[in-house]
Every structure is written in C-alpha cells, then in structure tokens.
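Novice: take this sequence and fold it.
(one chain, ligands or ions: 3)
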Amino acid sequence: MAMEDPDKKTELVLLACGSFNPITNMHLRLFELAKDYFDETGKYKVIKGIISPVSDAYKKKGLISADHRVTMAKLATKNSDWVEVDDWESSQSEWVETVKVLRYHHQKLLSSDPTNSLQNALPLTKPGRKRKQEPNRHDPIKKKTQSPDIKSTPQIKLLCGSDVLESFGIPNLWKLEDITEIVQNHGLVCISRAGSNVQKFIYESDVLWRHKNNIHLVEEWITNDISSTRIRRALRRGQSIRYLVPDVVLAYIEKNNLYNLESEDKNAGVVLAPLQKYASDSKN
Ligand SMILES: Nc1ncnc2c1ncn2[C@@H]1O[C@H](COP(=O)(O)OP(=O)(O)OP(=O)(O)O)[C@@H](O)[C@H]1O
Ligand SMILES: NC(=O)c1ccc[n+]([C@@H]2O[C@H](COP(=O)(O)O)[C@@H](O)[C@H]2O)c1
Ligand SMILES: [Zn+2]
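Specialist: Ligands and ions are numbered 1, 2, ... in the order given. As a prediction, this is how the structure comes out:
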C-alpha cells in the first residue's frame with residue numbers, strides 16, 4: 001500500500017492549447033503521458049485536463065472553423081473521465097495569447113474553489129474577539145468539520161509538445177514576458193521525444209533555465225508521429241486515417257466533408273495572428 005498521504009499532494013490541472021485541426025489520438029496521449037508522469041512523482045495529483053482549441057482569429061493556414069474543431073474534441077473526450085474541452089478561447093473574436101488562457105482558467109479555478117470562497121466569506125477568527133475568547137475544546141473539532149483538509153487551489157500547468165516549447169525561440173511569436181509568466185507563475189509540461197533537443201533549448205534560454213524546476217519534461221518512449229497536418233494530408237489524398245483519430249471523429253469528418261483542397265487553402269497568404277501582432281508592436 002502506498003504510504004504517502006494523498007491529501008498532501010499538489011493538485012494539478014493540465015491545459016493544452018493548440019489548433020486541434022483535427023484532434024488526433026496523439027493529442028489524447030499527451031494527457032495520459034503527463035498524468036502518468038505526475039502520478040509517478042508521488043507529489044502531484046492530476047485532477048483535470050483541459051483542451052482549449054484556438055480561435056479562428058489565429059489565422060493558421062488550413063484552420064477550419066472552431067465550431068467543428070471544438071465539436072470533434074468534445075466527441076474525442078466523451079469517454080474520458082478527466083479530460084474536457086473548453087470553448088472559451090475558441091469563442092473569442094480575437095486571438096488570445098496563451099498566457100491569458102492560462103490566467104483565465106486559473107481565475108476560474110480560484111472562483112470555483114469552495115475552500116477559497118469559504119476562507120473569504122467566513123474568516124476563522126473575527127477581529128477583536130480573538131483575545132477575549134477562551135480556548136474552547138470544541139473549537140478544533142468544529143473547525144475540522146467546517147473545512148476538512150484545507151487544500152490549496154490546484155495549480156494549472158501548460159501541457160505541450162516540444163515543438164511548442166521550441167517555438168518560444170521564433171522571433172515575434174512569443175513575448176518574453178509571456179514566456180516568463182508561463183514558467184514562473186504556472187509551469188510547463190512538455191512531451192518530448194527521446195533524444196530531442198528540448199534540454200539543450202532550455203539550457204540556451206536564460207528565462208527557461210532560471211525556471212527549469214517548473215518545466216517538466218516527459219519523455220515519450222512509445223513514439224507516435226501522428227500530427228494534424230498528416231491527418232489532413234491523408235484525407236486530401238483519400239487515404240485512411242482510421243486508428244489515428246477516434247472513430248467518432250473520423251465519422252464526423254466524413255459526414256461534414258471537413259478536410260479537402262479548399263479547406264487547406266483557408267488563410268493562405270495571411271499572417272499568423274501572433275506574428276501580425278508582435279511584428280507591428282516591434283515597429284512602434
Ligand atoms: N506527436 C506529438 N508529440 C508531442 N506533442 C504533440 C504531438 N502532436 C501534437 N502535439 C502537441 O499537441 C498540441 C496541439 O498541437 P496542434 O494542434 O498543433 O497539433 P499538431 O498535431 O501538432 O498539428 P499541426 O500538424 O497542424 O501542427 C501542441 O502542444 C503540440 O506540441
Ligand atoms: N504568444 C503566444 O501566446 C503564442 C504564440 C504562438 C502560438 N501560441 C499558441 O500555441 C498554440 C500553437 O498551436 P499550433 O501548433 O497549432 O500552431 C496555439 O494555441 C496558439 O494560440 C501562442
Ligand atoms: Zn502543431
């Protein structure tokens with residue numbers, strides 16, 4: 001039997017941001033790999049996974065409508081008891097920086113945390129009465145039943161693949177202050193291939209190196225090269241994608257004829273939202 005006290009574990013929520021165009025089995029695997037990793041540390045308990053598809057305003061080439069991408073992600077996670085889809089980000093009219101998505105979900109956790117609102121609403125000691133009150137032997141029992149095992153609010157960590165971490169180095173794609181806030185205030189879980197360059201990438205970045213204790217590298221030993229780009233390519237060529245995406249997702253794609261030459265042309269020649277935003281910033 002495990003000796004550690006489960007109440008002492010830090011609760012975690014994992015947030016994956018991306019296009020999910022479409023969601024693949026690999027996206028679902030990311031969550032499982034990260035959860036296994038944290039479970040094995042004995043220090044953390046992953047309580048929830050959130051998939052947050054990017055909005056159409058991201059303007060990535062071939063990005064089909066958020067409605068379809070969210071629906072597919074919901075179908076894919078229907079049978080998961082811990083991973084869910086959140087459409088707040090995708091329903092924003094403008095592209096939202098990833099750090100703001102983290103902030104949003106962090107705030108949401110804070111406001112839905114019963115221990116937190118209890119602490120705010122009912123201070124345990126009323127000011128002024130504190131000194132007058134005699135120690136009461138019923139008090140500790142009372143407190144315990146009112147607020148059993150006061151846990152801190154879960155931490156929220158950004159879950160991503162090594163390509164996203166390495167994209168931190170692309171000029172005008174990420175703001176340094178955003179990267180800093182992500183690794184300093186929240187934390188990062190990165191799924192990487194054995195022998196990938198992520199460690200070197202962290203070593204070569206001052207900000208990532210400074211916060212390396214908050215960056216968790218999870219090695220994917222049972223490698224899996226599925227990507228949404230490859231799924232869309234196979235579909236354009238009339239090739240099977242069965243067993244690469246959940247059957248329900250495949251059925252939805254076929255029913256709505258989602259990916260073809262025309263859809264791949266969406267946003268052709270359009271500048272990706274972050275590049276557009278930060279390139280114009282650096283000119284000002
Ligand atoms: N095979 C993989 N290994 C590790 N991480 C992955 C893998 N596939 C996707 N991811 C991660 O999933 C998240 C969502 O990515 P995204 O929606 O871009 O999917 P993708 O399969 O990489 O799509 P695309 O080919 O269009 O870039 C990102 O953090 C990305 O790094
Ligand atoms: N500066 C930023 O916050 C920033 C920059 C580039 C991509 N992203 C996010 O990373 C994810 C990347 O997804 P893709 O790999 O599909 O492009 C998206 O969720 C996107 O919003 C964030
Ligand atoms: Zn990608």
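Novice: give the rounded mean pLDDT of stretch 181-200.
Specialist: Mean pLDDT, stretch 181-200: 92.
Novice: does ligand 1 sit close to it?
Specialist: Yes - among the residues of stretch 181-200, Ile191 lie within reach of ligand 1 under Cβ under 6 Å from any ligand atom. (C-beta placed from N, C-alpha, C; glycine too.)
Novice: do the same with stretch 236-252
Specialist: No - under the criterion of Cβ under 6 Å from any ligand atom, stretch 236-252 makes no contact with ligand 1; the nearest approach is 10.6 Å.
Novice: now find how far off-centre that stretch is within its chain.
Specialist: 24 Å (Cα atoms, centre = their mean, to the nearest Å).
Novice: swap in stretch 232-248?
Specialist: 25 Å.
Novice: Glu177: neighbouring residues, count only.
Specialist: 10 (other Cβ atoms under 10 Å).
Novice: whoops, I mixed them up, Val189
Specialist: Neighbours around Val189, by other Cβ under 10 Å: 25.
Novice: is any residue of the one helix or strand it maps to near ligand 2?
Specialist: Following DSSP states H and E, one finds Val189 within strand 188-193. No - using Cβ under 6 Å from any ligand atom, we find that strand 188-193 stays clear of ligand 2, coming within 12.1 Å at best.
Novice: check which helices and strands the next helix or strand after that strand sits against.
Specialist: Downstream of strand 188-193, the first helix or strand assigned by DSSP H and E is helix 198-204. On a contact count with 3 or more Cβ pairs under 8 Å, 6 or more residues apart in numbering; DSSP states H and E, helix 198-204 meets helix 162-166, helix 206-210, strand 215-220.
Novice: which of these sits closest to ligand 2?
Specialist: With Cβ to the nearest ligand atom as the measure, helix 162-166 is the member of these nearest ligand 2 (5.6 Å).
Novice: tell me which other helices or strands the closest one touches.
Specialist: For helix 162-166, the packing partners by 3+ Cβ pairs under 8 Å, 6+ apart are strand 188-193, helix 198-204.
Novice: go through the chain and flag its longest helix.
Specialist: helix 25-41 (DSSP state H).
Novice: now do the buried residues in the next helix or strand after it.
Specialist: Note on helix 25-41: by DSSP H and E, the next helix or strand toward the C-terminus is strand 44-53. With burial defined by 16 or more other Cβ atoms under 10 Å, the residues of strand 44-53 counted as buried are 44-46, 48-53.
Novice: looking at those, spot the one nearest Trp174.
Specialist: Ser52 (16.7 Å; Cβ to Cβ).
Novice: and the stretch 51-200 of the chain, which residues reach ligand 1?
Specialist: 160-161, 163-164, 191.
Novice: could you report the distance from Ser196 to Leu188?
Specialist: According to Cβ to Cβ, to the nearest Å, Ser196 and Leu188 sit 15 Å apart.
Novice: who's more crowded, these two?
Specialist: Leu188 (22 against 19).
Novice: excluding its backbone neighbours, what's nearest that one?
Specialist: Counting by Cβ to Cβ, 6 or more residues apart in numbering, the nearest residue to Leu188 once its immediate chain neighbours are dropped is Ile215, at 4.7 Å.
Novice: so stretch 45-61, near ligand 2 or not?
Specialist: Yes - for stretch 45-61, a contact with ligand 2 is found by Cβ under 6 Å from any ligand atom, at 54, 58, 60.
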